[in-house]
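*Asks:* give the three-dimensional model of this entry:
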Amino acid sequence: KENLSELLTMLKEFAAYENKLAYLKCDETKLSNLFLENEYAKAFILKENEQIIGYLVFFYTISSFLGERGIYIEDIYIRENFRKKGYGRKVFEFIGKLCQKENIAMLSWVCLNDNAQGINFYEKLDATHLKDIRTYRLDGQNLAKLNDL
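*Replies:* As a prediction, this is how the structure comes out:
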């Protein structure tokens, strides 16, 4: 609970970093609903020597084809002055151990096309770029239109 304001601050930093600040609609009440009241997702504040350096947000998924559980990483954010110091690798090490402990068969995420640093990092992990899949989204008025189909 005490970290919600810090998480929101970093969400704003992350949105600004990705040039998506205009799309950020989240506030502390929404964060509380997601992570504390309903536990739709998990959020971890990343610290080094008690200094907050970033965050990780993920939620559980399933694969009907595999018949297995998965984890979808919504956000990994490392503050700028802590990047290129091995913290991203530590986050993936943490989540890899979690997957092993919980018998999770797959880990998925998306990456912006212009995030060359992230793409390079993920390729070094031997992550597979799924070129045959497109990500779609309905929200706002377009989502509401489904009620009138």
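*Asks:* where does the prediction get shaky in the chain?
*Replies:* 1 (pLDDT under 70).
*Asks:* for it, which segments count as strands?
*Replies:* 42-48, 51-63, 68-78, 106-108 (DSSP state E).
*Asks:* mind listing residues that contact the shortest one?
*Replies:* By C-beta atoms under 8 Å, 6 or more residues apart in numbering, the list of residues contacting strand 106-108 from outside reads 61, 63, 66, 68, 70, 71, 72, 73, 95, 96, 99. Where you see a C-beta, it was placed from the backbone N, CA and C, and this is true even at glycine.
*Asks:* kindly report the same for the first one.
*Replies:* By C-beta under 8 Å, 6+ apart, the residues outside strand 42-48 that reach it are 3, 6-7, 31, 34-35, 52-59, 78, 82, 87, 91, 94.
*Asks:* again with the second one
*Replies:* Strand 51-63 has contacts (C-beta under 8 Å, 6+ apart) with 3, 6-7, 10, 40-47, 68-79, 82, 87, 91, 94-95, 104-106, 108.
*Asks:* could the strands of the chain go into a markdown table alongside mean neighbour count and distance to residue 22?
*Replies:* Output for the strands of the chain, formatted as a markdown table (neighbours: other C-beta atoms under 10 Å; distance: least, C-beta to C-beta, whole Å):
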| stretch | mean neighbour count | distance to residue 22 |
| --- | --- | --- |
| strand 42-48 | 16 | 23 |
| strand 51-63 | 17 | 20 |
| strand 68-78 | 18 | 17 |
| strand 106-108 | 16 | 26 |
